[in-house]
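Engineer: Generate coordinates for the sequence data below:
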Amino acid sequence: MQPPIDHMEWLCSTPSMDLEDPALRLRVQSLTQLRTTRRAKVLAVYAYVKRLKLRMRVIRRHRTASEVLRAGGGDATEKATLFVAMLRLLGVPARIRLVNLRAGMVPGIDISLWRPERPVVEAWTGERWAATDTYIFDPDQMAAARQRLRDKGLDHSHGIHMRGAITWDGLGDAYVSGPAPEHDPTVAAPVERGGARAAAHDRARA
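Structural biologist: Sure, this is the predicted structure:
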């Protein structure tokens, strides 16, 4: 299905999303070659990125999609970069929307962040933008985060909710916090969907 003309910019290669990299292209092909539908291919690359370990780094230069692939993991924004790059290689318009969470501890991974950001990946389904941040945590990390909430007797903390989504179906929205960022009390400020910060990150140099 050909995406709308005004979505074509979300298919482009950028300095951070180096779509011409042979290893990146080969990995997408190997993940999706036996999948027969668009949605199945989207979910195949989603599952791959979700399985990658979330690794916070001191160095703040975010790696390119191909660098994240070779490293076998990265921080949340780096995993988002790889996910979006893989979606674009499938011909699926995709973009990143950054939201600011309230400062504190990210449960389950023991990392204190002064101004934590969460990258939400938005993919065009053919009818709408479907958003998710469930790719960030691998299953073990998500289980540890939820166990920490249970141990503390909390329903939610810093973006993760006991009743939040764990996986994404490739069609609708799915957030680990439960509600969309616009209605999430753990988000520091309202964020415009597909706004300037998403475009700025997409075009930024790695």
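
Engineer: Could you check the pLDDT of Arg60?
Structural biologist: Reported pLDDT at Arg60 in the predicted model: 66.

Engineer: for Val191, same thing?
Structural biologist: In this prediction, Val191 carries a pLDDT score of 51.

Engineer: Please apply the same query to the one 4 residues further on.
Structural biologist: Turning to Gly195, the model gives it a pLDDT of 40.

Engineer: Hmm, Met8 is touching Arg95, no?
Structural biologist: No - here Met8 does not reach Arg95: they are 12.0 Å apart, not a contact under Cβ atoms under 8 Å. Where C-beta positions appear, they are placed from N, C-alpha and C, glycine not excepted.

Engineer: Show me which of these two is the more surrounded one.
Structural biologist: Looking at Met8 and Arg95 with other Cβ atoms under 10 Å, you find the greater number of neighbours at Arg95, namely 24 against 11.

Engineer: Got phi/psi on that one?
Structural biologist: Torsion angles at Arg95 (phi, psi; degrees, to the nearest 10) stand at phi -150, psi 170.

Engineer: Hmm, Cys12 and it touching each other?
Structural biologist: No - counting by Cβ under 8 Å, Arg95 sits too far from Cys12 to count as a contact (10.5 Å).

Engineer: Report the secondary structure state of Val120.
Structural biologist: Of the three states, Val120 takes strand under DSSP: H, G, I helix; E, B strand; the rest coil.

Engineer: show me what contacts it?
Structural biologist: 80, 96-99, 131-133, 175, 181 (Cβ atoms under 8 Å, 6 or more residues apart in numbering).

Engineer: Return a ChimeraX selection command for the buried portion of those residues.
Structural biologist: Per 16 or more other Cβ atoms under 10 Å, the buried members of the contacts of Val120 correspond to this ChimeraX selection:
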select :80,96,97,98,99,131,132,133,175,181
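
Engineer: Skipping its backbone neighbours, what lies nearest Phe137 in space?
Structural biologist: The shortest distance from Phe137 to any residue other than its chain neighbours is 6.1 Å, reached at Leu54 (Cβ to Cβ, 6 or more residues apart in numbering).

Engineer: in the chain, which spans are helices?
Structural biologist: 22-32, 38-51, 65-71, 76-89, 139-152, 196-203 (DSSP state H).

Engineer: Low-confidence regions, this structure specifically.
Structural biologist: Along the chain, the parts satisfying pLDDT under 70 run over 1-6, 58-60, 102-116, 155-162, 185, 189-206.
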